[in-house]
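Asker: Sequence and computational prediction follow.
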Amino acid sequence: MVRCGPDDDVAACLTKAAESAQVLGVMGGDGTVNCAAGIALDRGLPLAVLPGGTLDHFAGELGVRSVADVAGAVREGSAVEITVGSADPAGADLYFLNTFAIGVYPELVREREKHEKQIGKWPAMALAMARVLRTAEPVFVEVDGQPRRLWTLFAGNGHYHPAGFAPSWRERLDDGCIDVRLIDADSPWSRLRLVAAVLTGRLGRSRVYEQRLVGTLPVRSRQGGLHLARDGEVGEGPGHLTLRAAEHKLVVYVS
């Protein structure tokens, strides 16, 4: 067992653990699990996820609620292969288990989560929209070769539900598609249209909203490097991305 302290590098700890592991186990939130999944995928190891974060979206979708769940699954050999999303042009890096985004989406989610327990998810999203879009600037990118000014580009690893700007669940973890949702910033009055569509629950039918399921989608920045979020962790990324399923599937234990 390798314990990772508050000042330790998570990736270094997981890499050390993987050197002698037959199964890579990790306890933490979605960002930590994302890091472990990338290491397990690159080394051909199965992954055992123990929930230990704030939201634990991925562990919840696996049906893992406790250490006993994971221990039982490993003991019984109960495992499945899942698709892992990648934003790397070769499909071999920049992995995401749940979601990927550029633009204002990561900030909107953080702002929404501050208020959703008190006022509900949709009112919290509308409040977040009003606050974030006051000062936000769109990103200028090429999407599949077409120049676009976007408030955000969201990509889900697999087909997410419901439609709109607050996707929250998937039927499957192995369908191999990327669920892309774009919010256009070139339409006249796009800020007001976006807020109004969220307030009225009509975003899925708004002219600023676009959704598509793809196998591969190239995205190139016209502003240099991109500020991106993967499974809730925000950081800087390259200016040229390709959204797709990773080259190999990941084996994970399920209860």
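Answerer: Nice, I can see it.
Asker: contacts, neighbours, all on C-alpha from now
Answerer: Will do.
Asker: Model confidence for the residue nearest to Ser221 when sequence neighbours are not counted, exactly?
Answerer: Sequence neighbours aside, Val141 is the residue nearest to Ser221 in space, at 4.3 Å (criterion: C-alpha to C-alpha, 6 or more residues apart in numbering). We have a pLDDT of 97 for Val141.
Asker: partner residues bridging Val141?
Answerer: When assigned by DSSP bridges, Val141 has beta-bridge partners Arg148, Ser221.
Asker: Can you report how many residues lie near it?
Answerer: Under the neighbour criterion other C-alpha atoms under 10 Å, Val141 is assigned a count of 22.
Asker: give the contact list for it.
Answerer: Contact partners of Val141, counting by C-alpha atoms under 8 Å, 6 or more residues apart in numbering, are Pro147, Arg148, Arg149, Leu150, Val219, Arg220, Ser221, Arg222, Gln223.
Asker: Now rank those residues by neighbours and give me the top one.
Answerer: Neighbour max across those (other C-alpha under 10 Å) = Leu150, 24 neighbours.
Asker: Tell me the spacing between that residue and His159.
Answerer: According to C-alpha to C-alpha, to the nearest Å, Leu150 and His159 sit 21 Å apart.
Asker: still on that earlier bit, just send the contacts of Val141 back as TSV, with distance to Ala59 too.
Answerer: Shown next, in TSV, are the contacts of Val141 (distance: C-alpha to C-alpha, whole Å):
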residue	distance to Ala59
Pro147	37
Arg148	35
Arg149	35
Leu150	31
Val219	29
Arg220	32
Ser221	33
Arg222	36
Gln223	36
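Asker: which among those gets closest to Ser168?
Answerer: Using C-alpha to C-alpha, Leu150 comes nearest to Ser168 of the contacts of Val141, at 21.6 Å.
Asker: Work out for me the element that closest one sits within.
Answerer: strand 146-157 (DSSP states H and E).
Asker: Quick check: which helices or strands does whichever helix or strand comes after that strand pack against?
Answerer: Per DSSP H and E, the first helix or strand lying C-terminal to strand 146-157 is strand 160-161. Of the remaining helices and strands, those touching strand 160-161 by 3 or more C-alpha pairs under 8 Å, 6 or more residues apart in numbering; DSSP states H and E are strand 169-170.
Asker: May I have the strands that pair with the strand it packs on, each with its orientation?
Answerer: Next to strand 169-170 in the sheet, as set by DSSP bridges, lie strand 160-161 (antiparallel).
Asker: residues in contact with the strand it pairs with?
Answerer: Contacts of strand 160-161 with the rest of the structure, by C-alpha under 8 Å, 6+ apart, involve Pro167, Ser168, Trp169, Arg170, Glu171, Asp179.
Asker: Need the phi and psi values for the fifth one.
Answerer: When you say that, I think you mean Glu171. Backbone torsions for Glu171, taken as degrees, to the nearest 10, come to phi -80, psi -30.
Asker: So which bits of stretch 12-20 are buried?
Answerer: Using 16 or more other C-alpha atoms under 10 Å as the test for burial, stretch 12-20 gives Cys13, Leu14, Thr15, Ala17, Ala18.
Asker: Sketch out the low-pLDDT regions of the stretch 101-250 of the chain for me.
Answerer: Applying pLDDT under 70 to the stretch 101-250 of the chain picks out residues 195, 197-205.
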